[in-house]
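Trainee: Requesting a structural model of the entry that follows:
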Amino acid sequence: MTLSKFGKKFTRKAGITQLMDDLGSAMAGGDMLMLGGGNPAHIPEVQQRFRKRMEQILAEPDGFETLIGNYDGSRGNEAFIEALATLLQDAFGWDVTPKNIALTNGAQSGLCFLFNLFAGEMPDGSKKKVLFPLTPEYIGYADAGLTDDFFAARRPSIELLGDRLFKYHVNFDELEVGEDIGALCVSRPTNPTGNVLTDAEILHLDAIAEDRGIPLIIDGAYGTPFPNIIFEDARPFWSPNTILTMSLSKFGLPNLRTGIVIAPEQIASAIGEINGVLSLAPGGVGPKLAMDMVRSGEIMTISKEIIQPFYKQKAFQTLELFEQHLGDVPCRIHKPEGALFLWLWFRELPCTAAKLYERLKARNTLVVPGSFFFPGLENEYWQHKHECIRVTYAQNEQTVARGVETICDEVKRLYG
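Mentor: Purely as a prediction, here's the structure:
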């Protein structure tokens, strides 16, 4: 068979598919220490709430039949969307109505739609790109464009901190946004590093985007107002020039694929149209399970009082484990500010991070090599890209502890 350009693009090896294949294999059983994937932790207090809600639905007359047997509209469950709009209005004073919201089958689908709405080949024959003002960025972005040469990116400035830590910042002095840029995009907190862009950085980016007449897309899959896996002070942000994407995955429903897009009415409507063409409608089980939590505002309370403290404790516990076992290895760790990961930078690593990944995999420990996390810089040599790995701390304590010990032992062998 001869594949089209589309077929060839989406069947070639991608970092995100390798990550998910490794995740699936590890979750299927065996002794693999899964410190690579982005699967959220199973938090008992959260899962109990969803179990109770599911039991309530099953006990309702026609509850089960309606849950599995009826399509929602192409923009998603209307009652959930109305409840979310009311929550955002009441909690933050945002000028958001149901017409500003559309659901998708996972936030990744929504971001793929958004990227291709604003970049690629334009009606006049010109080409535009999505610009990441700060790299590293999420592995799943890299292959989301329908055309090649789809992304651009800028290197960060790096602030060295005490206790082995460092932090990335947007380098505004070198942030050029040319006519070939169709949108800016950042994740907050950033996957893979756990970096949280400051309120000032977000406001500055929004002003730049508005001045250029392009949107600022904020991927809030881990951020505010839920699941709020942020350990720093960070104000929820939305403006008429901003497109905010959120998700129910890291709130505890990753397998139900519920993404949320909050955007100008025209863009939210466009997402609904794309849903209709590609999948008829987004799935409705996630919105149904979370509906009452959104209506009551409990979704933000659970995020602040249960989910955020849970991950913060795990983040700093894992950081302490690395500090105990690294010894004199020349390693710095990005300051943990949110999300589910630690980002390790091994300066002058004797092999590439991809080779380190293979060596660790041979020892039944999975991480993700850092070179996958630089979309837009694929053709630019930067040694830093090959000196970093991402490690998740979302697994149980025993798995994380064993994985940390293996990672530290292996890099000591390399440097030794």
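
Trainee: what sits against the residue of the chain most remote from its centre?
Mentor: Distance to the chain centre peaks in the chain at residue 61, reaching 37.4 Å (criterion: Cα atoms, centre = their mean). By Cβ atoms under 8 Å, 6 or more residues apart in numbering, the contact set of residue 61 is empty. Every C-beta, even on glycine, is put in place using the N, C-alpha and C of the backbone.

Trainee: A helix includes residue 359, no?
Mentor: Yes: assigned with DSSP: H, G, I helix; E, B strand; the rest coil, residue 359 falls within a helix.

Trainee: Now do the SS call for residue 408.
Mentor: Per three-state DSSP, residue 408 ends up helix.

Trainee: looking at it, it is touching residue 323, isn't it?
Mentor: No: counting by Cβ atoms under 8 Å, residue 408 does not reach residue 323; the two are 10.0 Å apart.

Trainee: These two: which has the busier surroundings?
Mentor: Taking other Cβ atoms under 10 Å, residue 408 and residue 323 do not tie; residue 408 has more neighbours (19 against 13).

Trainee: gap between the closest residue to residue 151 other than its chain neighbours and residue 134?
Mentor: Spatial nearest neighbour of residue 151, excluding adjacent residues (Cβ to Cβ, 6 or more residues apart in numbering): residue 376 at 3.8 Å. Separation of residue 376 from residue 134 (Cβ to Cβ, to the nearest Å): 11 Å.

Trainee: Counting neighbours, go ahead and name the busier of the two.
Mentor: Higher neighbour count among residue 376 and residue 134: residue 134, with 26 against 21, using other Cβ under 10 Å.

Trainee: can you pull the buried residues of the helix or strand harbouring residue 403?
Mentor: Per DSSP states H and E, residue 403 falls inside helix 397-415. Buried residues in helix 397-415, counted by 16 or more other Cβ atoms under 10 Å: 399-408, 410-411.

Trainee: Just the terminal-to-terminal distance for stretch 242-261.
Mentor: One end of stretch 242-261 to the other measures 11 Å (Cα to Cα, to the nearest Å).

Trainee: which residues in the stretch 151-300 of the chain form strands?
Mentor: Taking DSSP state E, counting those that start in this stretch to define them, one finds strands in the stretch 151-300 of the chain at 151-153, 157-160, 165-169, 181-187, 216-219, 242-247, 259-262.

Trainee: gap between the last one and the chain center?
Mentor: So the one you mean is strand 259-262. Mean-position distance between strand 259-262 and its chain equals 13 Å (Cα atoms, centre = their mean, to the nearest Å).

Trainee: Residue 74: what's it in contact with?
Mentor: Residue 74 makes contacts with 272-273, 275-276, 280-281, as judged by Cβ under 8 Å, 6+ apart.

Trainee: What's the PyMOL syntax to select whichever of those are buried?
Mentor: Entered in PyMOL, the line below selects the buried ones among these, by 16+ other Cβ under 10 Å:
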select buried, resi 272+275+281
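
Trainee: Just to check, residue 390 is in contact with residue 36?
Mentor: Yes: using Cβ under 8 Å, residue 390 is in contact with residue 36, at 7.3 Å.

Trainee: Mind listing the shared neighbours of these two?
Mentor: With contacts taken as Cβ under 8 Å, 6+ apart, residue 390 and residue 36 have 367-368 as neighbours in common.

Trainee: Show me which of the two is the more surrounded one.
Mentor: Using other Cβ under 10 Å, the more surrounded residue of residue 390 and residue 36 is residue 390, with 29 against 26.

Trainee: So the more buried one: helix, strand or coil?
Mentor: Assignment for residue 390 (three-state DSSP): strand.

Trainee: and it, what is it in contact with?
Mentor: Residue 390 sits in contact with 36, 192-193, 341-344, 367-368, 370, 373, where contact means Cβ under 8 Å, 6+ apart.

Trainee: Nearest residue to it in space, ignoring adjacent ones along the chain?
Mentor: Closest residue in space to residue 390, ignoring its immediate chain neighbours: residue 192 at 3.9 Å, by Cβ to Cβ, 6+ apart.

Trainee: No further questions, thank you.
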